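Enquirer: The sequence isn't on hand, but the structure is:
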């Protein structure tokens, strides 16, 4: 990167070849997805299409599929936002106050994440029914619950990288706690919050089990459940639809990533600093 | 109990604690669910039938069966192999290597590399399962584009090398996280340090071992913990891709647990498996934390 | 910040509430693919009663979904489920007693006695059967031709099956599956029914439950028997000793679709499977074939016994699906009206024939669409002498243990080890006094 950083040409060529190979290896599983989605005669095997069609994308972006897409957006957006707000409010005191054994507490909480969702689905279902939450709202709440322990841990790590002296200086000049948070901490934490929001978004976007079991009408199913409608257990597997639907299903997470890219890159540095 | 040296923080402790209440309530609910799982692991609660209504308290029967009956220990081994190769060697190792290579390289296609590994990370698990099935099956791309043109017999990779395919699929899927984390961490390493290593004439490997790794120790330790925790409980990609098969070759603990609890209907035994998983990862975590602390002293 | 939090919460909860059924609506849960039977029935019902039907069409794992719904007390008013669960659901008190309704329902007399029996637990009707099935060996005629096997193929013993598969293997090296024989846990109940139980029934006489998983007279599950060992050794022959089957098809992300496409593509020579495959294969493969073209492509033969003295000559076992009303429903009368709409005689007969599924009531057999179907009518003799699963509470666990046992064989465990684990599982689950060993 710098001029005086010397590298022999051979070294750099071999590095580039290595990276090029890596791209090929990483992208090749994608090839079936891409080729089948535009193939007028889609199949489960690998085949290069002889002509192109975008019909599969049109079907996958209308009717039931479109509704499932919107359901997914609603669930993932709400769960991610709720997770981020709650985690930030809890992580900040964890970072600033001397709570005894706080690291042990946080790591033990993170271990909760090991519990497979299948292990707690029964009590989740029962509490959901008791509270009248076997619906989209309940799914959002339970996904928030699943993401919170890790989110708090990561955000606490991030807040630790912001020196408290800044807030102290603000306090000396008469800022209230709220003002200190709004004008000093929040702007500096944008990256950390972006990472948490993004992780919560992708995990909620991916979730199959809770929406599948908790929602009371197929009208409310998100894409993770809807994807299975393309399967062949009761009829023909529609590979064109399946692959187009999959690409549409993957797109939002990637779009969100590139939208938040600048914040995310610095955010990752913050969340991973401490053990 | 809550102490701090800063006056302003002491004054603000109460509102801060109040703001944390919603999150604490959620966490308490989660702890309650975990408590339910622990309680259930000491009973013979079933999904259906008589024992679903009137379960018996069976003390440690479920835990004794974990070690005396076939299945659990084999699954611990499978999960450990899977986690070691896919998360620790694969994701963490390749992620670190990529971060270092791309940091110092003027490689034109850097953003293509990033897009490629990100796609794997962001593709939903079920989609990933379909892609890997289409990729590795007997009429998949590896066979059609590589093995057959080279004159090899077609190999059914998912048949013959299931655990390997699943490990590679998870490396493909998860490396992005480690890469992003290490890449961000490398930004904090000053260029002078790296340059000094070049001037010493140290070769690449030594540079890595003696200069970069010590600097990144904290991040590596944290990341190892993250990926271990995630990978040990990894479920949906494997479940969709192989369902734990052929035979039990890819039956990791999360799948074993699911089958016991939902296919057989033994919620009590399934809960014991889940709790055992937590304990195993808990022990691993303590080990990691110790390691990283000992060596930084 | 707090405002934002509140608005997000209310927004998500409100939007969730919008798509939740109002209390008065009648709810139903049924598997994807049944829309043709259900949707016209809903329209009828809504016109007749003025009530709205809210449906949940489940695209996969409907078994898990319905079981969790029941266990969590949140089942729909009307539920469509795999009939092998009847005993367990009834024991747990999840299914409403329909006897009062069926006794006033003219159509109930049309149902076959054997199927009424399966759905009647201790004198109370718990579900209305929709269709049933029979099981057999399908084979690919072209592959058999090439292998020089005489057609129509009529194997008399298991050895005949293995011989045919070996001939295929020798003459058709491209056929990865000389025989497709359901194995492992991913195919779930299909492994038990299409594979294990079909073999088990033909491996011994029926005395004392010798060829079953349960001895109904003694009221015990069977933990070890010569028939179980013979059945497992058949798996060993197919998958290990003679290597007559690949493994991938039993474990892919889409096990059903992939199996069907493989058969349609000529990658499977013999297939232990069910009567529905005559239609399902072509639907899954997306190929239109007339009955004549199908008959040129494939044929079925009865699944023979192992040839030992007491064993029956052929074996067969049937399953099916039921429509039921949840005990938790507080509008059972209305729910029953919906059930009656679903079983509207003409519509039902036409749908069941279109699905290629054997009907479960006499009037449907007489319907023109059904009578015209030579394939369906050819199944009638099988339907008369078929048997059912051991639908006793606990069966689904036993079935899961069976699937695990076939997995053990695939993993290379010996018969002794496999049977020991199977027996241990049963004893853990039911207690030693509930498990019988046949020497």
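Expert: Arrived safely, thanks for sending. For clarity, every value in this text was computed on a predicted model and none was experimentally measured.
Enquirer: and stretch C:271-280, average pLDDT?
Expert: Per-residue pLDDT values over stretch C:271-280 give a mean of 93.
Enquirer: same check, this time on stretch C:337-345
Expert: In this model, stretch C:337-345 carries a mean pLDDT of 94.
Enquirer: Can you give me the buried ones in that stretch?
Expert: C:337-344 (16 or more other CB atoms under 10 Å in any protein chain shown). C-beta: built from backbone N, CA, C; applies to glycine.
Enquirer: cool, stretch C:138-150 as well?
Expert: Neighbour counts over stretch C:138-150 (16+ other CB under 10 Å) mark C:138-141, C:143-144, C:147, C:149 as buried.
Enquirer: Turn the buried residues of stretch C:337-345 into JSON lines, including secondary structure and distance to chain B.
Expert: Below are the buried residues of stretch C:337-345 laid out as JSON lines (DSSP: H, G, I helix; E, B strand; the rest coil; distance: CB to the nearest CB, whole Å):
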{"residue": "C:337", "secondary structure": "helix", "distance to chain B": "29"}
{"residue": "C:338", "secondary structure": "helix", "distance to chain B": "25"}
{"residue": "C:339", "secondary structure": "helix", "distance to chain B": "23"}
{"residue": "C:340", "secondary structure": "helix", "distance to chain B": "28"}
{"residue": "C:341", "secondary structure": "helix", "distance to chain B": "29"}
{"residue": "C:342", "secondary structure": "helix", "distance to chain B": "25"}
{"residue": "C:343", "secondary structure": "coil", "distance to chain B": "27"}
{"residue": "C:344", "secondary structure": "coil", "distance to chain B": "32"}
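Enquirer: and the stretch 151-297 of chain B, which of its residues are near chain C?
Expert: Residues of the stretch 151-297 of chain B that fall close to chain C, judged by CB under 8 Å from any CB of the partner chain: B:156, B:158-159, B:162, B:240-249, B:259, B:262-266.
Enquirer: hang on, the earlier thing: out of the buried residues of stretch C:138-150, which sit inside strands?
Expert: Cross-referencing those against strands under DSSP state E gives C:138-140.
Enquirer: which one of these is nearest chain B?
Expert: Proximity to chain B was ranked across these by CB to the nearest CB; first place goes to residue C:140, at 17.8 Å.
Enquirer: Report the contact partners of the closest one.
Expert: The contact partners of residue C:140, by CB atoms under 8 Å, 6 or more residues apart in numbering or on different chains, come to C:263, C:266, C:268-270, C:297-298.
Enquirer: still on that earlier bit, which one of the buried residues of stretch C:337-345 sits closest to residue A:211?
Expert: Distance to residue A:211 across these (CB to CB) is lowest for residue C:338, with 25.7 Å.
Enquirer: wait, what's in contact with that closest one?
Expert: Residue C:338 touches C:26, C:28, C:41-42, C:45, C:53, C:77-78, counting by CB under 8 Å, 6+ apart.
Enquirer: what's around the residue in the stretch 51-200 of chain C that chain B sits nearest to, how many residues?
Expert: Closest approach between the stretch 51-200 of chain C and chain B, counting by CB to the nearest CB: residue C:186, at 3.5 Å. Residues near residue C:186, counting by other CB atoms under 10 Å in any protein chain shown, number 22.
Enquirer: repeat for residue C:60
Expert: Applying other CB under 10 Å, we find 19 residues neighbouring residue C:60.
Enquirer: May I have the phi/psi pair for it?
Expert: Dihedral angles of residue C:60 (phi, psi; degrees, to the nearest 10) stand at phi -160, psi 160.
Enquirer: In space, what's closest to it - neighbours in sequence excluded?
Expert: Of all residues not flanking residue C:60 in the chain, residue A:228 sits nearest, at 4.4 Å (CB to CB, 6 or more residues apart in numbering or on different chains).
Enquirer: what's around that neighbour, how many residues?
Expert: 20.
Enquirer: State the phi and psi torsions of it.
Expert: With angles defined as degrees, to the nearest 10, residue A:228 sits at phi -70, psi -10.
Enquirer: quick one: it from residue A:25, how far?
Expert: Residue A:228 sits 29 Å away from residue A:25, going by CB to CB, to the nearest Å.
Enquirer: Residue C:225 - nearest residue in space that isn't next to it in sequence?
Expert: Taking CB to CB, 6+ apart, and ignoring the residues beside it in sequence, residue C:225 has residue C:438 as its nearest neighbour in space, at 3.8 Å.
Enquirer: Ignore what I typed, I meant residue C:267.
Expert: Residue C:267's closest residue in space is residue C:176 (CB to CB, 6+ apart), at 5.4 Å.
Enquirer: Identify the residues contacting the one you found.
Expert: Here residue C:176 is in contact with B:138, B:156, C:246, C:262, C:267-268 (CB under 8 Å, 6+ apart).
Enquirer: Could you do residue B:29 as well?
Expert: Counting by CB under 8 Å, 6+ apart, residue B:29 makes contact with A:127, A:145.
Enquirer: And the pLDDT for it?
Expert: Reading off the model, residue B:29 has pLDDT 94.
Enquirer: element containing it, please.
Expert: Per DSSP states H and E, residue B:29 falls inside helix B:21-40.
Enquirer: centroid residue for the chain?
Expert: Because you didn't say which chain, this covers chain A. Nearest to the geometric centre of chain A sits residue A:202, at 1.9 Å (CA atoms, centre = their mean).
Enquirer: actually it's chain B I care about, not the one you picked
Expert: Mean-position check on chain B, CA atoms, centre = their mean. Result residue B:231 at 1.8 Å.
Enquirer: That residue looks like it's in a strand, true?
Expert: No - Residue B:231: not assigned to a strand; according to DSSP: H, G, I helix; E, B strand; the rest coil it is helix.
Enquirer: hang on, it packs against residue B:87?
Expert: Yes - Residue B:231 is in contact with residue B:87 according to CB atoms under 8 Å; the separation is 3.8 Å.
Enquirer: Find residues that contact each of the two.
Expert: Common neighbours of residue B:231 and residue B:87 (CB under 8 Å, 6+ apart) are B:170, B:174.
Enquirer: Residue C:183 contacts residue C:192, doesn't it?
Expert: No - with contact defined as CB under 8 Å, residue C:183 does not reach residue C:192; the gap is 10.6 Å.
Enquirer: which residues touch stretch C:346-362?
Expert: C:36-37, C:40-41, C:107, C:110-112, C:115, C:129-134, C:275-276, C:278-280, C:320, C:342, C:363-365, C:367, C:369-370, C:373, C:375-376, C:379, C:383.
Enquirer: repeat that with 7 Å
Expert: Here stretch C:346-362 makes contact (CB atoms under 7 Å, 6 or more residues apart in numbering or on different chains) with C:36-37, C:40, C:107, C:110-112, C:115, C:129-134, C:275-276, C:278-279, C:320, C:363-365, C:367, C:369-370, C:373, C:376, C:379, C:383.
Enquirer: Next, the buried residues of it.
Expert: For stretch C:346-362, the neighbour count (16+ other CB under 10 Å) marks C:347-353, C:355-361 as buried.
Enquirer: Please determine how far the residue of the stretch 301-439 of chain C found nearest chain A is located from residue C:190.
Expert: Minimum separation of the stretch 301-439 of chain C from chain A (CB to the nearest CB) falls at residue C:355, amounting to 9.8 Å. Remark: distance between residue C:355 and residue C:190 (CB to CB) = 18 Å.
Enquirer: Residue A:100 now?
Expert: Distance from residue A:100 to residue C:190, counting by CB to CB: 56 Å.
Enquirer: Who has more neighbours out of those two?
Expert: residue C:190 (22 against 9).
Enquirer: That one belongs to a strand?
Expert: No - using three-state DSSP, the assignment for residue C:190 is helix, not a strand.
Enquirer: Could you check the pLDDT of it?
Expert: Residue C:190 is given a pLDDT of 93.
Enquirer: Three-state assignment for the nearest residue to it once chain neighbours are set aside, please.
Expert: Among residues not flanking residue C:190 along the chain, residue C:182 sits closest, at 5.0 Å (CB to CB, 6+ apart). Put simply, residue C:182 is coil when judged by three-state DSSP.
Enquirer: Surely residue C:182 touches residue C:194?
Expert: Yes - contact status for residue C:182 versus residue C:194: in contact at 4.6 Å, counting by CB atoms under 7 Å.
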